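Asks: here are the coordinates; sequence isn't available:
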């Protein structure tokens, strides 16, 4: 029978692995209003870091990167995106990797 310490360590590792990559759903493009004015092309980027050498398992600001990218793309008061596209890229480094997301689209405002 495994020792209680070993079970605790294995349980902690499994808990981190199971919960490290969860996030809430993000609505990037809403249904446009009936009357709107087109502002023009817009894009925003959000990045995060996954720490860990062999298996990047410690997320730092990775789960909110799409939300931050969408907020960086438009005017925070009344801007909205339509015709949205999402692009992601990963840059590895010695202790993990940087994960970035760019949200692009056409910015509109309600009129």
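Replies: Everything's here; your move. The shown structure was predicted, so the numbers you read here are calculated from the model rather than taken from an experiment.

Asks: please count neighbours and contacts with C-alpha atoms only from this point.
Replies: Noted.

Asks: show me the helices in this protein, by range?
Replies: Here the chain has its helices, by DSSP state H, at 4-19, 65-73.

Asks: identify the residues contacting residue 46.
Replies: Shown in contact with residue 46 (C-alpha atoms under 8 Å, 6 or more residues apart in numbering): 64-69, 72, 100-102.

Asks: redo that, cut-off 7 Å
Replies: In this structure, residue 46 makes contact with 65-66, 68-69, 100-102, judged by C-alpha atoms under 7 Å, 6 or more residues apart in numbering.

Asks: nearest to residue 88 among those residues?
Replies: Of all the contacts of residue 46, residue 101 has the smallest distance to residue 88: 4.4 Å, by C-alpha to C-alpha.

Asks: just give the nearest non-adjacent residue to that closest one, would you?
Replies: Leaving aside its sequence neighbours, residue 101 sits nearest to residue 88 (C-alpha to C-alpha, 6 or more residues apart in numbering; 4.4 Å).

Asks: how about low-confidence regions in the protein?
Replies: Applying pLDDT under 70 to the chain flags residues 1, 11-24, 26, 53-56.

Asks: run through the strands of it in chain order.
Replies: Taking DSSP state E to define them, one finds strands in the chain at 36-51, 58-60, 79-93, 96-110.

Asks: any idea which of those strands gets closest to residue 7?
Replies: Using C-alpha to C-alpha, the strands of the chain put strand 58-60 closest to residue 7, at 21.1 Å.

Asks: coming back round to it: residue 103 is in contact with the residue nearest to residue 101, correct?
Replies: No: in this structure residue 88 lies outside contact range of residue 103 using C-alpha atoms under 7 Å: 8.9 Å.

Asks: who's more crowded, these two?
Replies: Shown here are residue 88 and residue 103; by other C-alpha atoms under 10 Å, residue 103 has more neighbours (25 against 13).

Asks: quick one, what contacts the more buried one?
Replies: Residues in contact with residue 103 (C-alpha under 7 Å, 6+ apart) are 43-45, 69-70, 84-87.
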